[in-house]
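**Q** What follows is a predicted protein model with its sequence.
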Amino acid sequence: MRALIRDTYDTVHEFVRTFGAFQLFFLRLLRHSPRIVMRRPGLVVTQIYNSGALSLVIIMVCGFFVGGVLGLQGYSNLARFNAEDSVGAVVALALLKELGPVITALLFAGRAGTALSSEIGLMKATDQLSAMEMMAVNPVRRILVPRFLGGVVAMPFLVAIFTCIGLFGAHIVSVDLLGVDVGAFWQQMQASVDINDVREGVIKSFVFGVVVSLLAVWEGYNAIPTAEGVGRATTRTVVISAIAVLILDFMITAVML
């Protein structure tokens with residue numbers, strides 16, 4: 001019994017300590033962000049390219065086929081109620097409010113998040129971060145902040161591209177393959193989607209960008225400086241990011257409703 005109580009106490013204590021360190025780490029990034037944006041914007045632009053532009057292929061391909069699947073499923077289900085013309089509204093609401101931000105965040109964590117975590121972890125394992133400290137260069141400000149900001153800025157644009165490509169895929173399937181009237185497809189979409197739906201998607205994309213980018217740089221910076229440690233940090237980045245995205249998606253949806 002004493003061992004169980006002690007193990008529980010140690011687990012709770014370690015969780016609280018890690019969560020507190022995580023919050024302090026986030027505050028350090030925020031404190032250095034204005035200086036980097038003002039003095040070294042080129043570093044942020046480079047990371048926006050690495051995190052955003054290099055993720056466009058997987059985002060666009062997945063967005064197209066997700067939209068196509070939604071078009072197929074929406075048509076087959078709405079046809080039971082003679083409401084095939086509403087497939088555009090159903091697809092638009094699903095992509096804007098849920099699938100666009102969530103799937104993009106999961107893809108971003110798997111592509112860009114793992115790249116950030118492994119890159120920073122490898123720099124730590126090869127003592128590059130220690131060398132920067134020896135030269136009076138703050139690695140948090142020089143290495144972590146630009147990568148964090150690059151992910152935060154890139155995520156909303158990736159979500160917007162995913163959503164647009166998804167709507168295009170749904171249009172191809174619904175209108176060109178299944179014969180839905182093109183005017184009804186877009187008219188129903190415009191009548192059903194309002195600014196609140198778009199706002200919800202934008203809020204989710206920004207929150208997910210902050211969380212995934214923060215977890216990636218945190219895991220990389222705190223990785224054990226070995227090959228095994230970097231691999232574990234990369235794995236944790238994907239797993240924890242996926243869990244955090246789904247939990248936050250539920251919480252934001254509940255608040256917005």
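**A** Cool, got the structure.
**Q** For the stretch 101-250 of the chain, which segments count as strands?
**A** In the stretch 101-250 of the chain, no segments count as strands under DSSP state E, counting those that start in this stretch.
**Q** can you pull the buried residues of the lowest-mean-pLDDT helix or strand in the chain?
**A** Least confident helix or strand, the chain: helix 2-39 with a mean of 85, by mean pLDDT, DSSP states H and E. For helix 2-39, a neighbour-count test (16 or more other CB atoms under 10 Å) marks 25, 29, 32-33, 36 as buried. In this view, the C-beta of every residue, glycine as well, is placed from N, C-alpha and C.
**Q** for the residues you listed, which one is nearest Val66?
**A** Leu29 (31.7 Å; CB to CB).
**Q** correct me, but the closest one touches Val145?
**A** Yes - assessed by CB atoms under 8 Å, Leu29 is found in contact with Val145 at 5.6 Å.
**Q** Is Leu72 in contact with Val173, as I believe?
**A** Yes - between Leu72 and Val173 there is a contact at 5.8 Å, judged by CB under 8 Å.
**Q** can you count the residues close to Asp249?
**A** 18 (other CB atoms under 10 Å).
**Q** Now do the contacts for the residue most central in space within the chain.
**A** Nearest to the geometric centre of the chain sits Ala105, at 2.6 Å (CA atoms, centre = their mean). Residues in contact with Ala105 (CB atoms under 8 Å, 6 or more residues apart in numbering) are 155, 159, 205, 208-209, 211-212, 241, 245.
**Q** ok, now Gln47?
**A** 146-147, 149-151.
**Q** Show the buried residues in these.
**A** Buried among the contacts of Gln47 by 16+ other CB under 10 Å: 146-147, 149-151.
**Q** Pick out the most distant pair among the residues you listed.
**A** Taking CB to CB, no two of the buried ones among the contacts of Gln47 sit farther apart than Pro146 and Gly151, at 9.8 Å.
**Q** which phi and psi does Ala223 have?
**A** Phi and psi for Ala223, reported as degrees, to the nearest 10, are phi -70, psi 150.
**Q** Can you give me the buried ones in stretch 180-189?
**A** So stretch 180-189, judged by 16+ other CB under 10 Å, has buried residues 180, 184-186, 188-189.
**Q** meant to ask about stretch 91-104, not that
**A** So, applying 16+ other CB under 10 Å, buried residues of stretch 91-104: 91-97, 99-104.
**Q** Then stretch 77-94?
**A** Applying 16+ other CB under 10 Å to stretch 77-94 flags 78, 84-94 as buried.
**Q** So which of those are in helices?
**A** Of the buried residues of stretch 77-94, the ones assigned to helices by DSSP state H are 78, 87-94.
**Q** Any chance you could list what contacts stretch 176-193?
**A** Contacts for stretch 176-193 (CB under 8 Å, 6+ apart): 71-72, 75, 84-89, 91-93, 96, 167, 171, 174-175.
**Q** so which pair among the contacts of Ala105 is furthest apart in space?
**A** Going by CB to CB, the pair spanning the contacts of Ala105 furthest: Val159 and Ser241, at 15.1 Å.
**Q** ok, now which ones touch Ser55?
**A** Ser55 neighbours (CB under 8 Å, 6+ apart): 107-108, 111-112, 154, 158.
**Q** Of those, grab the buried ones for ChimeraX.
**A** Those of the contacts of Ser55 that count as buried under 16+ other CB under 10 Å are selected in ChimeraX with:
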select :107,108,111,112,154,158
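**Q** what two of the contacts of Ser55 are the furthest from one another?
**A** Leu107 and Ala154 (11.9 Å).
**Q** re earlier: return the closest of the contacts of Gln47 with respect to Val217.
**A** Out of those, the member with the shortest distance to Val217 (by CB to CB) is Arg147, at 5.6 Å.
**Q** my guess is that closest one contacts Val217, does it?
**A** Yes - judged on CB under 8 Å, Arg147 makes contact with Val217 at a distance of 5.6 Å.
**Q** Thanks a lot, catch you later.
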